[in-house]
Structures are given as structure tokens and as C-alpha cells.
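Asks: need the 3D shape of this:
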Amino acid sequence: MTDPLSRTFLALADPTRRAILAQIAGGAQTVNAIVASNGLSQPGISKHLKVLEEAGLIRRERVAKTRPVHLEAAGLKQAAGWIDHYRQHWEGAFDRMDALIARLNEEAMKNGRQ
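Replies: Numbering: from 1, shown residues only. This next block holds a predicted model:
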């Protein structure tokens, strides 16, 4: 899969990966800390981290013997921008529908109907 947005949504589709992102949102975590809090094996967490890294949602580095994992905001920003475009569309449609309902209710009240 070469499309960055598709990789992002694929990564976000898994609840374990979303939990990892939530965990590191407060600050970098070591792989061991992520393993301990998610109840999965180290190889299992490593596979999830690889998907997140390929999607551009996290960054791993080496610091001495540890491998801290950091949140990368750019990947989430791209997905949020895509979602926001459609949110604006639907909010506009709902606003127009609310205005139509209000106008119809107003007309019904004027005509003595409720």
C-alpha cells in the first residue's frame, strides 16, 4: 500500500495501535513500557509499532539501550485534514436541513397547524 492516507487509516483501524498512540501521546515510551501496559508479547507489539511507523504516526530512536517511541503529529494531521473536509460538508448539509425544518415549522404555525 503506497498511499500515505490509506496506510494511516489502516494503522488506526486496530484498537491496539490506537491504544499505543494514546499511551505515547503523553510522552515518549520505551518499547518495554508499551509491552507491559498492553498485555501482548514483545514481537506482537513490535509488529504493531512497525505498522504505526510505516504510516508515519510514530518515530523510534535509539538512546543507549532503550528504543523510545514518539508520537508523530504529521501523520495524524493529514488524516484529520481529510476527515475535516467531510465534516464541514456534512455540518453544512445539517445546517441547511435545520433551517428548512425551522422554516417549515414556522409556516405550519402561521397556517394554524402544528
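
Asks: secondary structure element holding the nearest residue to residue 14 once chain neighbours are set aside?
Replies: Excluding its sequence neighbours, the residue lying closest to residue 14 (C-beta to C-beta, 6 or more residues apart in numbering) is residue 48, at 7.1 Å. Placement of C-beta: from N, CA and C, glycine included. Taking DSSP states H and E as the definition, residue 48 sits inside helix 42-54.

Asks: which elements pack onto the very next helix or strand once past that helix?
Replies: Following helix 42-54 in sequence order, the next helix or strand is strand 58-60 (DSSP H and E). Applying 3 or more C-beta pairs under 8 Å, 6 or more residues apart in numbering; DSSP states H and E, we find strand 58-60 packed against helix 15-25, helix 42-54, strand 69-71.

Asks: recalculate using a threshold of 7 Å.
Replies: Using 3 or more C-beta pairs under 7 Å, 6 or more residues apart in numbering; DSSP states H and E, the elements in contact with strand 58-60 are helix 42-54, strand 69-71.

Asks: now do the shortest one: which elements does it pack against?
Replies: Read it as strand 69-71. For strand 69-71, the elements it packs on are helix 15-25, strand 58-60, judged by 3+ C-beta pairs under 7 Å, 6+ apart.

Asks: distance from the chain centre to the least confident helix or strand in the chain by mean pLDDT, please.
Replies: One helix or strand of the chain scores below all others by mean pLDDT, DSSP states H and E: helix 73-110, with a mean of 85. Computed by C-alpha atoms, centre = their mean, to the nearest Å, the chain-centroid distance of helix 73-110 equals 20 Å.

Asks: buried set for it?
Replies: For helix 73-110, a neighbour-count test (16 or more other C-beta atoms under 10 Å) marks 75, 76, 79 as buried.

Asks: and that helix with helix 42-54, angle?
Replies: Angular relation of helix 73-110 and helix 42-54 on a 0 to 180 degree scale: 70 degrees, by axes from the mean of the first three to the mean of the last three C-alpha atoms, to 10 degrees.
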